[in-house]
Structures are given as structure tokens and as C-alpha cells.
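Q: Have a look at this prediction, sequence included:
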Amino acid sequence: DQLKNMSIILPLISELHNPSMRDRHWLQLAKVCGREKVEPNDPKFTVGDMIEFDIHEKPDDVSEVVETAQKELKIETKLKGIEAQWADFELLFVQHKDTEMMMMRMTEEIIEALDGDQLELQTMIGMGKFVEYFKDRVLKWQKTLGDVQETTKVWQLVSKSWASLESIFLASADIRASLPEDTKRFEGINSEFTELMKNAVLTPKVIECCTFEGREELLRSCKERLDMCQKSLNDYLDVKRKIFPRFY
């Protein structure tokens with residue numbers, strides 16, 4: 001019987017040597033074995049102590065503790081990689097025409113990382129009990145990267161729309177005279193967007209820049225008002241097309 005027990009105990013002890021084992025896993029093991037605690041780092045802790053834990057009676061439970069530790073280490077490693085990667089990512093800002101205005105650009109590296117890391121996080125959430133210990137961190141990063149994606153998406157739309165309307169509403173005397181309300185609206189947008197870009201250049205780190213309080217809301221507000229300006233401009237041009245059909 002002793003030899004049979006040892007043939008079960010020794011492989012289990014080998015499994016418990018796994019570097020993924022943390023204090024919380026040793027507490028789980030103690031619970032499985034009906035003990036208060038296990039102190040593997042105690043210099044006096046021996047193989048004999050493990051034998052007294054009767055781990056041979058619950059080999060599946062012991063193996064499950066080790067499996068949990070291994071799966072959690074994989075999640076922890078990936079999470080650390082995601083956190084380290086996004087700590088370094090910076091948005092690209094390029095000069096708009098010959099002005100002092102800077103425009104935001106998304107690099108291919110950031111776009112790929114957004115898609116890849118969100119997929120990784122979704123996979124982690126699907127790992128059931130193995131993700132429980134890290135669930136708050138995983139959900140936090142899911143929300144953060146989701147916010148980054150939404151903010152950069154609307155930011156690019158605003159940038160494109162602003163760039164196409166800027167020369168029309170700020171430089172065209174005809175448009176300014178014909179669409180005074182929209183001209184005033186665009187001037188307000190222009191002031192807000194210019195100030196936003198000046199502040200954004202000072203904080204190029206992607207996470208900090210895209211999760212800045214109120215930034216996404218301001219960009220969405222700019223987009224709604226830019227859409228109104230664009231609609232008014234289109235309606236005005238449609239009238240001109242009807243009056244001068246040969247020009248079109």
C-alpha cells in the first residue's frame with residue numbers, strides 16, 4: 001500500500017513544483033487536503049509533510065489546482081504583455097497643410113494591436129473559472145481598448161470632415177454670406193477642435209490621450225455639428241445646381 005501510494009504521490013509532487021504555483025494555489029491545495037495552510041517556502045517543509053497531507057487520496061483535485069495555476073499564469077503573462085505594450089504606444093500627429101495645426105493619425109501597429117488584443121481579452125473572458133482571479137483587470141482592459149477604438153474612430157471622422165469644410169466655411173465669402181448660421185456653427189467647432197488638437201499633442205500616449213475625460217463626448221458633439229454644416233452646404237449646392245445645371 002505504501003509503495004502504491006508513493007507511485008501516486010511522487011508525480012503529484014513533481015506537478016506541484018510547477019513555477020506557476022502561487023500562494024493562492026497553495027491555499028487551494030490546503031483546502032483540498034483539509035488543512036489550514038501549506039508553507040512550501042518554509043525551510044523545514046519536506047516531502048514527508050506532503051505525504052502526510054494524503055494527496056494520493058485526491059489526485060484529481062491536486063492536479064486541478066496545478067492546472068488552474070498553469071492557465072492563470074498564461075493569462076497573467078498575456079495581460080502583462082498587453083499592459084506593457086500599451087504603456088509605450090503613441091499617436092502620430094502630422095502637420096495640416098502649411099498651418100500650425102496638427103492632425104491625428106493611427107499607425108498600422110496600433111490598429112493591429114487594438115484588434116489583436118481585444119480578441120485576446122475576449123478569449124480570456126471565455127476561459128471560465130481560470131480567468132476569475134484576473135477578471136476585473138481583463139474587463140478593465142476590454143473597456144479601455146473599446147474606448148480607445150471608439151474615440152479614434154470618431155476622431156478620424158471629425159478630422160476628415162473638418163479638413164474638407166475648413167477652407168469652405170472660413171475662406172469662401174459666398175458661403176459665409178449665404179449660410180451665416182452654419183458659418184457661425186463651424187467657427188465654434190473650429191475653435192473647439194483646434195484647442196483639442198493642441199492639448200492632444202501634449203499627451204501623445206494612446207491610452208492617456210483617448211481616455212482623457214470628456215474627449216470622446218466633445219468629438220461626438222463636433223461630429224454632429226459638422227454633419228449639420230455638411231447637410232446645409234449640400235442643400236445650398238443643390239439649389240445652385242438647379243439654377244446652373246450646365247455647370248454640373
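A: Now that the structure is in, tell me what you want to look at.

Q: By residue count, which helix of the chain is the longest?
A: Criterion DSSP state H: the longest helix present in the chain is helix 135-171.

Q: From the chain's centroid, how far away is that helix?
A: Computed by C-alpha atoms, centre = their mean, to the nearest Å, the chain-centroid distance of helix 135-171 equals 14 Å.

Q: and if you look at stretch 209-224?
A: Distance of stretch 209-224 from the chain centroid (C-alpha atoms, centre = their mean) equals 17 Å.

Q: in that stretch, what's buried?
A: Judged by neighbour count using 16 or more other C-beta atoms under 10 Å, the buried positions of stretch 209-224 are Cys209, Cys210, Arg215, Glu216, Leu218, Leu219, Arg220, Cys222, Lys223. To be clear about C-beta, it is placed using only N, CA and C from the backbone, and glycine gets the same treatment.

Q: Repeat that for stretch 193-210.
A: By 16+ other C-beta under 10 Å, the buried positions in stretch 193-210 come out as Phe193, Leu196, Met197, Ala200, Val206, Ile207, Cys209, Cys210.

Q: What of stretch 101-112?
A: For stretch 101-112, the neighbour count (16+ other C-beta under 10 Å) marks Met101, Met102, Met103, Met104, Met106, Ile110 as buried.

Q: could you dump these to CSV with pLDDT, distance to Lys31 and secondary structure?
A: Shown next, in CSV, are the buried residues of stretch 101-112 (pLDDT from 0 to 100; distance: C-beta to C-beta, whole Å; DSSP: H, G, I helix; E, B strand; the rest coil):
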residue, pLDDT, distance to Lys31, secondary structure
Met101, 90, 62, coil
Met102, 93, 57, strand
Met103, 95, 58, strand
Met104, 95, 52, strand
Met106, 92, 48, coil
Ile110, 96, 44, helix
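
Q: one step back: adding distance to Glu166 as columns, could you present the buried residues of stretch 209-224 in TSV?
A: Listed next are the buried residues of stretch 209-224 as TSV, based on distance: C-beta to C-beta, whole Å:
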residue	distance to Glu166
Cys209	22
Cys210	23
Arg215	21
Glu216	22
Leu218	18
Leu219	16
Arg220	19
Cys222	13
Lys223	15
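
Q: Having no further points to raise, I will conclude here.
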